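# pasting the sequence and the predicted coordinates here, then a few questions.
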Amino acid sequence: MPIMGVMPHVLLIEDDHSVRNGIELVLRRHNHHVHAVGTGEEGLALLSSRPVGNQIEIVVLDLMLPGMDGFEVCRRTRALGATPIIMLTARGDDLDIVSGLEAGADDYVVKPITARVLEARIRAVLRRVEPARTDTTELDGLVIDRAALTVTKHGTPIVLPPTELRLLLELSGASGRVLSREQLLELVWQHGFLGDSRLVDACVRRLRTKIEDIPAQPRYIQTLRGFGYRFGRP
């Protein structure tokens with residue numbers, strides 16, 4: 001994950017020429033350096049290239065692409081590293097949104113896109129890489145270092161995308177308190193009460209697959225039905 005600079009580098013993957021040009025114009029007006037392509041294959045090639053791939057700080061990805069679809073691009077992007085992903089969907093379709101989040105997207109925007117909303121989502125996602133505190137939490141071999149923004153389990157590093165890392169930082173820093181989905185939306189996604197709780201649930205599921213021995217029987221992130229999530233032993 002590159003360090004954020006004055007002009008964040010955004011990879012835009014959108015097959016519709018007019019939509020792509022419109023989004024690119026908006027992002028450039030907000031001082032982003034934009035790499036715009038029309039297919040998932042082109043986007044993955046850029047992410048895999050050097051030095052461009054190392055410069056890209058966030059991916060804005062349309063789900064409905066020719067050839068390789070956005071879901072597969074999302075999965076492959078996540079496999080390449082921790083670069084955050086905002087997906088674009090033409091409909092507020094529950095299946096598309098959930099599938100995209102499960103594939104590894106950090107957030108989503110429903111078309112038609114407004115400049116204000118897209119820019120706010122990008123800034124919010126990029127802010128998640130900032131440390132929340134300067135201490136360390138350790139539980140049953142899992143070590144979370146807020147100063148270094150690192151997570152290890154029994155000495156083995158665990159690489160987390162920014163949103164999953166921020167979620168873990170907030171939960172582990174809550175001193176065993178239960179945090180509701182609404183609170184986590186505000187703390188992690190900065191959506192407030194207008195956010196979508198599915199973002200939280202999908203992110204928790206992805207995080208559990210990486211830090212839990214048995215994700216279906218979590219040791220670190222507990223679900224309290226009707227209330228929210230808590231970091232700590234059952």
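In hand now; what should we look at?
# which residues sit in contact with the most centrally placed residue in the chain?
Nearest to the mean C-alpha position of the chain, counting by Cα atoms, centre = their mean, stands Asp106 at 2.5 Å. For Asp106, the contact set (Cβ atoms under 8 Å, 6 or more residues apart in numbering) comprises Pro84, Ile85, Ile86, Val125, Arg128, Pro161, Pro162, Thr163, Cys203. From N, CA and C alone the C-beta is placed, and that goes for glycine too.
# how about the second one, phi and psi?
To tie it back to what came earlier, the one meant is Ile85. Dihedral angles of Ile85 (phi, psi; degrees, to the nearest 10) stand at phi -130, psi 130.
# ok, now how distant is it from Glu72?
13 Å (Cβ to Cβ, to the nearest Å).
# of those two, give the one with the bigger neighbour count.
Ile85 (27 against 14; other Cβ atoms under 10 Å).
# quick check: closest non-adjacent residue to Gly43.
Spatially, and ignoring its direct neighbours in sequence, Gly43 is nearest to Ile13 (4.0 Å; Cβ to Cβ, 6 or more residues apart in numbering).
# I'd assumed Gly40 was in contact with the one you found.
Yes - Ile13 is in contact with Gly40 according to Cβ atoms under 8 Å; the separation is 6.1 Å.
# more neighbours, the two?
Neighbours were counted for Ile13 and for Gly40 using other Cβ under 10 Å; Ile13 has more, 31 against 24.
# before we move on, the earlier item: what's the overlap in contacts for Ile13 and Gly40?
Common neighbours of Ile13 and Gly40 (Cβ under 8 Å, 6+ apart) are Leu61, Leu65, Gly70, Val73.
# gap between the residue lying closest to the third one once chain neighbours are set aside and Cys203?
The shortest distance from Gly70 to any non-neighbouring residue, by Cβ to Cβ, 6+ apart, is to Leu63 (3.5 Å). Counting by Cβ to Cβ, the separation of Leu63 from Cys203 is 18 Å.
# just how off-centre is the longest strand anywhere in the chain within its chain?
What stands out as the longest strand in the chain, according to DSSP state E, is strand 56-62. Strand 56-62 sits 10 Å away from the centroid of its parent chain (Cα atoms, centre = their mean, to the nearest Å).
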